[in-house]
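Enquirer: give me a model of this one.
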Amino acid sequence: MTPTPLAIAVLAVGPVFAAHAQDVPLPAVAQVEIVGVAPLAGLGIERDLLPYSVQGANARRLREAQAGTLSEFMARHLDGVSVNEISGSPFQTDVTYRGFRASPVLGAAQGLSVWLDGVRINEPFGDVVNWDMLPEAAVSSVLLVPGANPLYGLNSLGGALTIATKSGRSHPGSELAVSVGGNGQRRLDVVQGLVLEDGFHALAAGTVFDDRGWREHSDGSLGNLFFKFGRSDGATDWTLSLLGARGSLKGNGLLPDSLYAANRRAAYTFPDQTNNRLGQASLNIARRLGADQEVALTAHVRSSRRDTVNGDVGEDAEASFNTTRTRQRSSGATLQWSASPTAHHANAGVSVERNHVSFAQFEQAGHFSLAREVLADDGAGILPASSVVGTARHAALYASDTWTVHAGTSVTAALRFNHARVANTLTSDSGEQAPEQFTYRHWNPSLGISQHMGGLTVFANLAQNNRVPTVIELGCADPLQPCRLPVGLQSDPYLAQVVSTSAETGLRWTAGSSRLSLAAYRTVNRDDILFLNAATPQQGYFTNFPRTLHQGIDFNASHKSGALESQFSYSYLDARYDADAVLFTGARAVAIRPGARIAGLARHNVKVGLQWKASGTLSLGADARLQSSLASQGNEDGAISGANVAGYALVHLRASYQLHRQWELFARVSNVFDRRYETFGAVAVNHFAAGRFEAEGERARFVAAGAPRAFTAGVRATF
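Expert: Numbers count the residues shown, from 1 in each chain. Next up, the predicted model:
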């Protein structure tokens, strides 16, 4: 039975940085959770005044969960969040929330915005999110905001993830964690916070990670350094943050069923390597104007580069050795005023950002070895395939107000105006093309209400937001000049911006150590951007799709009784196409009718968590995650029997032992029962079905293999 959210008449805005960012134990008194509004932190308001559900975690909870990475923590502990392991690397996962993606895959339809200390870190070229560039050791808190919240700017269609970092003031002292695991996995995290004289404070954090990978040819490494220096001087707080990161990860994609059955650790073709580099500087200044007003400024500069090497089946030769080079620079600033006079919590701001992008792709004819490695042919030259250079300018004005009409009743309204201009010059096989420029404007409102009655809060909201086409989508939008994603950029016809409208209603209930939340939501995307089939074999183009629909229910219950904490959540997601079209999937044209499932998204997700303080020094925990079946890409119409991906259940265990006040041993086991499972499926052509390369190949199901059982152990020291 398909759940339909209750009819609602009003809606909401969204929050950001949770006040529980510090790890300092709180006294045993009634607590009021405070959040902010918009990605830039300002004066906070009570969470129960907001007319929609939010989820968050502080550094203590992240550490105790022992999930390994931030994306894996969200998949295990946050409602509506899932990951797939298309690449096989723990830092290259696709993260989905209510069916919307934050992915490192270039050309994927992104629908979530991700913020780090008020700076949007979706990369300008494709809105991708490079999870390997996050300074995880420095993370103080995360907050997940649902729906098309206009205050979070472009690309916040299904939600927004805000990440706040530690400072020497909030986290003084030293912390060092070293861990080792199976398949040569090693990790070091270091944090040093200092409180200095005259209000100054400083923090340095770093992570080093190295891994052979559980799949063949999937080793990876990364490292990052994060510095924050600041001062709290009466009414003024300021911080300067510097982030440098570098990663080299190998992810070998999907496996055909025949190869997967023989060896789930295998690679179909290789090499597949991504090298990322990032440098970022941000300045945050907050000035209090009396007891109930504040002005805040965030300014940033950001430079990133991505170089990839990829071996694939070729068009004109047996194989193709493809390389890409992407260079991106961005700078911007946001100025925000916030005030909380009696009965009101208001915010208003302006933001500007400028991005410069340079992308180039090269091809070299090659052949396959017996191990399916792509080797360049002798004498084959490296040929330019396509390139684009361009700029993107974004500007926005926004305002919001939460008005407590009377005791227990609050109304929240927000409005944002987005202006974007994208200019680029494309070069393809036909030569350099004329420069192009596209301008997008949109007003996005939201309105909501919450009713607070003792421990119960009932809320409802309605919101709208938009996403403008990315350079890669505009570069492959002509049905007369199709391309092979992500190559072959062509002269680009106009694509309309995506407009998303979300409705949410639900309740929150708290009684002592028990909490319960329930949210029903419905999000409609109009002019969604999808990759459709072209007449040319194995080619397609981006175009606007009239309408897609995401709707569902998120339920969460938690309880603490003495030394035992428990949590249960259930999510239902109905993600579907709501118009007629023909999708291009690489192996077949799929005729879509309204109601067809969107691939890669499970309808049912159940998460169970237990944490037991067995003694003053020993803590034990367990997580279980159950997921239902997935529709495979290329089988959205259900025409191919057995092509979809089965559901699965996973159990993870963890333990920590306090040797001393300053020393802790910890260990975890992922996938305790070594369950064989798949997280994504696609119908594609297997060119090695006969054990050797065949140009024609045969159609087969390909799957993303889930990671087998893995042990990790380590030691943490705090001073």
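Enquirer: for the closest residue to G647 other than its chain neighbours, grab the count of nearby residues.
Expert: The spatially closest residue to G647, leaving aside those adjacent along the chain, is S628, at 4.3 Å (Cβ to Cβ, 6 or more residues apart in numbering). Where you see a C-beta, it was placed from the backbone N, CA and C, and this is true even at glycine. Here the count is done by other Cβ atoms under 10 Å, and S628 has 15 residues near it.
Enquirer: for the nearest residue to T718 once chain neighbours are set aside, give the beta-bridge partners.
Expert: Of all residues beyond its chain neighbours, the one nearest T718 is E175 (4.9 Å), with distances taken as Cβ to Cβ, 6+ apart. The residues listed as beta-bridge partners of E175 by DSSP bridges are V191, T718.
Enquirer: what of F321?
Expert: G311, Q364.
Enquirer: report how many residues lie close to it.
Expert: Other residues near F321 number 23, with proximity taken as other Cβ under 10 Å.
Enquirer: what's near enough to touch the residue most central in space within the chain?
Expert: The centroid of the chain falls nearest to A102 when counting by Cα atoms, centre = their mean (3.3 Å). Each residue near A102 by Cβ atoms under 8 Å, 6 or more residues apart in numbering is listed here: 94-96, 110-112, 114, 122, 129, 161.
Enquirer: of the residues you listed - the most surrounded one?
Expert: The residue in these with the most neighbours, by other Cβ under 10 Å, is G111 (28 neighbours).
Enquirer: low pLDDT regions in the stretch 51-200 of the chain?
Expert: Counting by pLDDT under 70, the ranges of the stretch 51-200 of the chain that qualify are 107.
Enquirer: what do you get for the stretch 551-700 of the chain?
Expert: For the stretch 551-700 of the chain, residues meeting the criterion pLDDT under 70 lie at 585-586.
Enquirer: circling back to that earlier point, tell me the phi and psi of the residue nearest to the centre of the chain?
Expert: Main-chain dihedrals, A102, degrees, to the nearest 10: phi -130, psi 100.
Enquirer: nearest spatial neighbour of it, chain-adjacent residues omitted?
Expert: L112 (4.1 Å).
Enquirer: who are the contact partners of that neighbour?
Expert: So, once contact is read as Cβ under 8 Å, 6+ apart, L112 ends up touching 95, 97, 100-102, 129, 155-161.
Enquirer: which parts of stretch 157-176 are buried?
Expert: Neighbour-count burial for stretch 157-176 flags 157-171, 175 (criterion: 16 or more other Cβ atoms under 10 Å).
Enquirer: among these, which ones are in strands?
Expert: Judged by DSSP state E, strands contain the following of the buried residues of stretch 157-176: 159-165, 175.
Enquirer: between all of these, which two are at the greatest distance?
Expert: Distance extremes for those: the farthest pair is G159 and E175 at 30.2 Å, using Cβ to Cβ.
Enquirer: could the contacts of L112 go into a markdown table alongside distance to A649?
Expert: Listed next are the contacts of L112 as a markdown table, based on distance: Cβ to Cβ, whole Å:
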| residue | distance to A649 |
| --- | --- |
| V95 | 20 |
| Y97 | 21 |
| F100 | 25 |
| R101 | 24 |
| A102 | 25 |
| V129 | 28 |
| N155 | 33 |
| S156 | 32 |
| L157 | 30 |
| G158 | 26 |
| G159 | 26 |
| A160 | 30 |
| L161 | 26 |
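Enquirer: neighbours of A704, how many?
Expert: The tally of other residues near A704 (other Cβ under 10 Å) stands at 24.
Enquirer: could you list every helix and strand that the strand or helix carrying A682 packs against?
Expert: Assignment of secondary structure by DSSP states H and E places A682 within strand 678-686. Taking 3 or more Cβ pairs under 8 Å, 6 or more residues apart in numbering; DSSP states H and E as contact, the helices and strands that strand 678-686 lies on are strand 81-84, strand 698-705.
Enquirer: out of those, nearest to Y52?
Expert: With Cβ to Cβ as the measure, strand 81-84 is the member of these nearest Y52 (16.2 Å).
Enquirer: by contact count, what packs against the closest one?
Expert: Using 3+ Cβ pairs under 8 Å, 6+ apart, strand 81-84 sits against helix 70-77, strand 94-97, strand 678-686.
Enquirer: re earlier: report the separation between the residue nearest to A102 and N461.
Expert: L112 sits 18 Å away from N461 when distances are taken as Cβ to Cβ, to the nearest Å.
Enquirer: repeat that for T69.
Expert: Look at T69 and N461: by Cβ to Cβ, they are 31 Å apart.
Enquirer: returning to that earlier point: identify the bridge partners of the residue nearest to A102.
Expert: L112 has these beta-bridge partners by DSSP bridges: G159.
Enquirer: begin at 563, not 1, for the rest of this chat.
Expert: Sure, I'll start counting at 563 from here, so that last one is L674.
Enquirer: contacting residues for the closest residue to P1156 other than its chain neighbours?
Expert: The spatially closest residue to P1156, leaving aside those adjacent along the chain, is D1140, at 5.1 Å (Cβ to Cβ, 6+ apart). Contacts were defined as Cβ under 8 Å, 6+ apart; by that measure D1140 touches 1086, 1108-1111, 1156-1157.
Enquirer: of those, which belong to strands?
Expert: In strands, judged by DSSP E, the following of the contacts of D1140 are found: 1086, 1108-1111.
Enquirer: if you rank those by neighbours, which is first?
Expert: Each of the ones in strands among the contacts of D1140 was scored by neighbours using other Cβ under 10 Å; the highest score is T1110's, at 22 neighbours.
Enquirer: what are the bridge partners for that one, then?
Expert: Under DSSP bridges, the residues paired with T1110 across the bridge are N1087, Y1139.
Enquirer: let's verify the closest residue to A670 other than its chain neighbours: helix, strand, or coil?
Expert: Spatial nearest neighbour of A670, chain neighbours left out: R663 (5.8 Å); criterion: Cβ to Cβ, 6+ apart. Remark: R663 carries the secondary structure label strand [criterion: DSSP: H, G, I helix; E, B strand; the rest coil].
Enquirer: surely R663 and V676 touch.
Expert: No. The pair formed by R663 and V676 falls short of the contact definition of Cβ atoms under 8 Å, at 11.1 Å.
Enquirer: which neighbours do the two share?
Expert: Common contacts of R663 and V676, defined by Cβ under 8 Å, 6+ apart, are absent altogether.
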